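Visitor: How does the following fold in three dimensions:
(one chain, ligands or ions: 1)
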Amino acid sequence: MESFNDFQSLGNYELLAIGVGVILLGYAFTVLRKPISKVPGPSYTKFTDVYLKYIDMSGRRPEYVHALHEKYGPVVRISPGHVSVMDPAATQQMYSVKKEFRKSTWYQDFVPGPSSVFSTVDVDYHRRHRRLLASEISESGLVIHRPVVDSKVRLFTERIAEEMEERGVSDIYRWALYMATDVIGELSFGSSFRMLETKEENQYIIDLKSVSFAGGLRATFPTLMKVTKYIPIPVLSLGMAVRGRLFEYGAQSLERHRKLVEEQGDDAKPTLLSKLYRAREKGDETLPFTELRMDAMSYITAGSDTTTNTLTYLIWRVCKNPDVKAKLVAELQTLPADFGDQDLKGLPYLDMVIQETLRLHSAVPSGLPRVVPAEGATLCGHFIPGGYTVSAQAYSMHKNPAVYPDPTKYDPSRWEKPTKAMKDSFVPFGGGSRICIGLHLAKMELRLATARFFTRFPNSTVSTLDGFTDKDMEPWSFFLMSPKNNRCLINAH
Ligand code: HEM
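Guide: Numbering: from 1, shown residues only. A predicted model of the protein is given here:
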């Protein structure tokens, strides 16, 4: 095309193609000039997050992002607006109590509806809730709740023994799920589904099992979720129905318990929230009941699967490692016959076993998305402008060979003398102002359940019954991680 006449002779399709080409070039030029384009990462992540969404839906995000870190280093672009970081200092910077990198709006897609202490992106709303909720779920606040937790743990071992009798094997995952759900139900609502007593999988448990997957779907395809209001898309509508049912159940239980507290006053069964129901009468600060209801819901969903999966992987790992099991059992044999949680806190090897399980099998393995403050931030020498999303994923932080030598080996003794880098890189409960509020409760459950299990069944091994293999324990993650076949068969002896 050498002259204007040649240009005039072009057909409509050719002109259209040139127009599209010019627009694409302009777009590419704009994208490539953005500072985030200079961050290491696959070229396609400069332009699209379609591949990341595909990975999300296959439940393999932590592995995919980790492979990118192995290839590109500690800072990697995973989509046009999101950078993942695998570095202790940068992680401390992003998840800090001082300088606020706010939670991203991803959390509101993950848990739609009114805000809770977990999902809110509003810093003041979060501070107010966290301050008022914290004391009851702190290490000292939990002391009065020990008997409830321990009674559920004892039932947990009872059910395992029964299943061994009846079936010759026990599905630890199932009983751990019932235990964790009963504990957090009782401590949040004052009543639970009594799963360990009824031994039946009801609609609530079925819903709870799918809530993380449904949340992952919503967060991955927020636009589609808006469309489902008008055009039903079965799998997405199902996710909304699950959430609706869980909410209804939570609201009814909490209302029942509030009435009980109002009628019986301080004699009512204490929960993690009950003091806040009556605080106003005593002239103390409290939260509106509608907001407390959302916090109770967040306790239920954040506090059941996480503990279940950690406990399941812990028992499985210890049963697979005879040396670890022998050392743990020997330590447990030093306990008095009527031991309780206060005795367990002094057991160093038990603590190391829990730490190592939280490291290698983090129940929340993916990045926890945060927004870079307006002025931008420099992470590992890379400037990220304000408004971009950054995250660090426990999966990668915990498998960094420079920090944890031979990182895929399950080796509790690595925690005998942890280095500063090990401590700074250890983020199974997140970090900063949004660190897990339930971590002391989770640790109490893990201590008691591990100690009661291995005291009662010191010769346990992994079963091969019903075709059970290590493949069943391969993880899949929709924000929360679980063994992909939702079972873990153990010969509990
Ligand atoms: C081993 C068990 C557990 C693990 C690994 C775990 C992990 C986490 C992680 C990584 C976060 C940070 C999430 C983020 O920043 O996006 C978190 C937050 C949270 N967890 Fe846990 N969690 C566990 C048990 C529990 C329990 C038992 C509860 C029950 C109360 C609970 C309630 C919460 C809540 C309410 C938050 C939000 C806190 C906030 O934003 O201030 N978690 N958890």
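Visitor: Going by C-alpha atoms from here, please, whenever you check contacts or count neighbours.
Guide: Fine.
Visitor: From the rest of the structure, what touches stretch 122-139?
Guide: With contacts defined as Cα atoms under 8 Å, 6 or more residues apart in numbering, stretch 122-139 is touched by 102, 117, 120, 141-142, 272-273, 276, 285-287, 437-438, 440-441.
Visitor: Now whichever residue of the stretch 251-400 of the chain sits closest to the ligand. Its backbone dihedrals?
Guide: Residue of the stretch 251-400 of the chain nearest the ligand, by Cα to the nearest ligand atom: Gly303 (3.4 Å). Backbone torsions of Gly303, given as degrees, to the nearest 10, read phi -110, psi 0.
Visitor: could you flag which of the contacts of stretch 122-139 are buried?
Guide: In these, burial by neighbour count holds for 102, 117, 120, 142, 272-273, 276, 286-287, 437-438, 440-441, counting by 16 or more other Cα atoms under 10 Å.
Visitor: Could you work out the most separated pair of those?
Guide: Arg102 and Leu142 (28.5 Å; Cα to Cα).
Visitor: related to what we said a few turns ago, could I get the contacting residues of the residue of the stretch 251-400 of the chain closest to the ligand?
Guide: Contacts of Gly303 (Cα under 8 Å, 6+ apart): 180-181, 184, 438, 442.
Visitor: Return the member of these nearest to Tyr107.
Guide: Taking the contacts of Gly303 together and measuring to Tyr107 by Cα to Cα, the closest member is Gly438, at 18.0 Å.
Visitor: Once you drop chain neighbours, what's closest to that closest one?
Guide: In space, and not counting its chain neighbours, Gly438 is closest to Ile137: 6.6 Å by Cα to Cα, 6 or more residues apart in numbering.
Visitor: how far away is the one you found from Ser298?
Guide: Look at Ile137 and Ser298: by Cα to Cα, to the nearest Å, they are 14 Å apart.
Visitor: next one: Lys417
Guide: 35 Å.
Visitor: So for those two, which residue has more residues nearby?
Guide: Neighbours per residue (other Cα atoms under 10 Å) separate Lys417 from Ser298, with Ser298 holding more: 19 against 8.
Visitor: Name the next helix or strand downstream of the helix or strand harbouring that one, please.
Guide: Using DSSP states H and E, Ser298 sits within helix 289-320. The element immediately downstream of helix 289-320 (helix or strand, assigned by DSSP H and E) is helix 322-332.
Visitor: Can you give the distance of that following helix from its chain's centre?
Guide: 29 Å (Cα atoms, centre = their mean, to the nearest Å).
Visitor: so what secondary structure elements neighbour that helix?
Guide: Counting contacts by 3 or more Cα pairs under 8 Å, 6 or more residues apart in numbering; DSSP states H and E, helix 322-332 packs against helix 289-320, helix 348-360, helix 439-456.
Visitor: In space, what's closest to the spatially most central residue of the chain - neighbours in sequence excluded?
Guide: Residue closest to the mean C-alpha point of the chain, counted by Cα atoms, centre = their mean, is Val364 at 3.3 Å. Using Cα to Cα, 6+ apart and skipping residues adjacent in sequence, the residue nearest Val364 is Leu480, 4.8 Å away.
Visitor: That neighbour is in contact with Leu368, isn't it?
Guide: No: at 11.1 Å, Leu480 does not count as touching Leu368 under the criterion of Cα atoms under 8 Å.
Visitor: so what's the closest residue to the ligand within the stretch 1-150 of the chain closest to, chain neighbours aside?
Guide: Nearest residue of the stretch 1-150 of the chain to the ligand: Phe118, at 3.7 Å (Cα to the nearest ligand atom). Closest residue in space to Phe118, ignoring its immediate chain neighbours: Ser298 at 6.2 Å, by Cα to Cα, 6+ apart.
Visitor: hey, where'd the strands end up in the stretch 151-300 of the chain?
Guide: Ranges of strands within the stretch 151-300 of the chain are 170-171, based on DSSP state E, counting those that start in this stretch.
Visitor: Low-confidence bits of it, can you list those?
Guide: Filtered on pLDDT under 70, the stretch 151-300 of the chain yields the residue ranges 212, 221, 223-238, 266-267.
Visitor: For it, what lies in contact range of the ligand?
Guide: 298-299 (Cα under 6 Å from any ligand atom).
Visitor: likewise the stretch 1-150 of the chain?
Guide: By the rule Cα under 6 Å from any ligand atom, the part of the stretch 1-150 of the chain lying against the ligand is 117-118.
Visitor: what stretches of the stretch 1-150 of the chain score poorly on pLDDT?
Guide: 1-7, 22, 25-33.
Visitor: all helices for it, in order.
Guide: Assigned by DSSP state H, counting those that start in this stretch, the helices in the stretch 1-150 of the chain fall at 4-8, 12-33, 50-57, 61-72, 88-94, 106-110, 123-134, 146-167.
Visitor: List the buried residues in stretch 288-305.
Guide: Neighbour count says stretch 288-305 has 292-305 buried, by 16+ other Cα under 10 Å.
Visitor: May I have it exported as CSV, CA atoms only?
Guide: C-alpha atoms of stretch 288-305 as CSV (Å, rounded to 0.1, in the frame of the first residue of the first chain):
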residue,chain,number,x,y,z
PRO,A,288,-25.4,-5.2,67.0
PHE,A,289,-26.9,-8.7,67.0
THR,A,290,-27.1,-8.7,63.2
GLU,A,291,-23.3,-8.2,63.1
LEU,A,292,-22.6,-10.8,65.7
ARG,A,293,-24.6,-13.2,63.7
MET,A,294,-22.2,-12.7,60.7
ASP,A,295,-19.2,-13.2,63.0
ALA,A,296,-20.6,-16.4,64.3
MET,A,297,-21.1,-17.6,60.8
SER,A,298,-17.4,-16.8,60.0
TYR,A,299,-16.3,-18.8,63.1
ILE,A,300,-18.3,-21.8,61.8
THR,A,301,-17.0,-21.7,58.3
ALA,A,302,-13.4,-20.7,59.1
GLY,A,303,-13.1,-23.0,62.2
SER,A,304,-14.3,-26.4,61.0
ASP,A,305,-12.6,-27.4,57.7
